[in-house]
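Asker: Here's a sequence, model it:
(one chain, ligands or ions: 1)
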Amino acid sequence: MRTLLFIKPDGYRRRLIGAVLKRVEDGGLKIVEIKTVRLDRARAEEFYKIHKDKPFFSSLVEFITSGPIVACLIEGDDAAPRLREIVGATDPKKAKEGTIRHLYGTSIQNNVVHASAPDEDPEREVRFFFGSQRDR
Ligand code: CMP
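Answerer: The predicted structure is shown next:
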């Protein structure tokens, strides 16, 4: 299956791209495609629309549009749940030792990466960044 990972502006600014991608590959998943993009407000609001009524929504949109992000198309058996294991819980303080967010996250918002929730249509998130074309 396919799923989406992106490195957030905090991870990009702190030069954590290599460290993050190494954890994903060492976890047995394949990185099929990578692109650096900057989301504008409308695209960020669309991507995170399931959170639009949450108190953190405007701050999240501000943060995610504050600089480049690195979107990665990830493939593997059970890629979405396995990637979430590698990434760890949303709150770095609650993330298991050795996960990306435990190692590098600094707050519940500045948690370095986003990984599609297995039960929230990972394929929609893949298409959001990579469309449906397959040129590999
Ligand atoms: P992410 O997995 O990308 O999904 C939604 C994002 O909102 C989350 O990671 C955090 O960056 C951010 N966020 C900020 N505050 C909260 C919160 N209280 N609960 C969940 N997510 C939050």
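Asker: what pairs with the residue most central in space within the chain across the strands?
Answerer: The chain has His114 as the residue nearest its centroid, 2.2 Å off, counting by Cα atoms, centre = their mean. For His114, the beta-bridge partners under DSSP bridges are Phe6.
Asker: mind starting the numbering at 293 from now?
Answerer: New numbering, starting at 293: the last item is His406.
Asker: who's in contact with it?
Answerer: Residues in contact with His406 (Cβ atoms under 8 Å, 6 or more residues apart in numbering) are Leu296, Leu297, Phe298, Lys300. C-beta: built from backbone N, CA, C; applies to glycine.
Asker: Pretty sure Ile309 sits against Val362.
Answerer: Yes. Using Cβ atoms under 8 Å, Ile309 makes contact with Val362 at a distance of 5.6 Å.
Asker: those helices in the protein, which residues are they?
Answerer: Taking DSSP state H, the helices of the chain run over residues 301-305, 309-318, 333-339, 349-356, 371-379, 392-396, 414-422.
Asker: May I see those arranged in a markdown table, with mean neighbour count, distance to Lys327 and mean pLDDT as well?
Answerer: A markdown table is the format used below for the helices of the chain (neighbours: other Cβ atoms under 10 Å; distance: least, Cβ to Cβ, whole Å; pLDDT from 0 to 100):
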| stretch | mean neighbour count | distance to Lys327 | mean pLDDT |
| --- | --- | --- | --- |
| helix 301-305 | 20 | 12 | 99 |
| helix 309-318 | 15 | 12 | 98 |
| helix 333-339 | 15 | 14 | 98 |
| helix 349-356 | 16 | 16 | 98 |
| helix 371-379 | 20 | 17 | 98 |
| helix 392-396 | 21 | 19 | 98 |
| helix 414-422 | 18 | 7 | 97 |
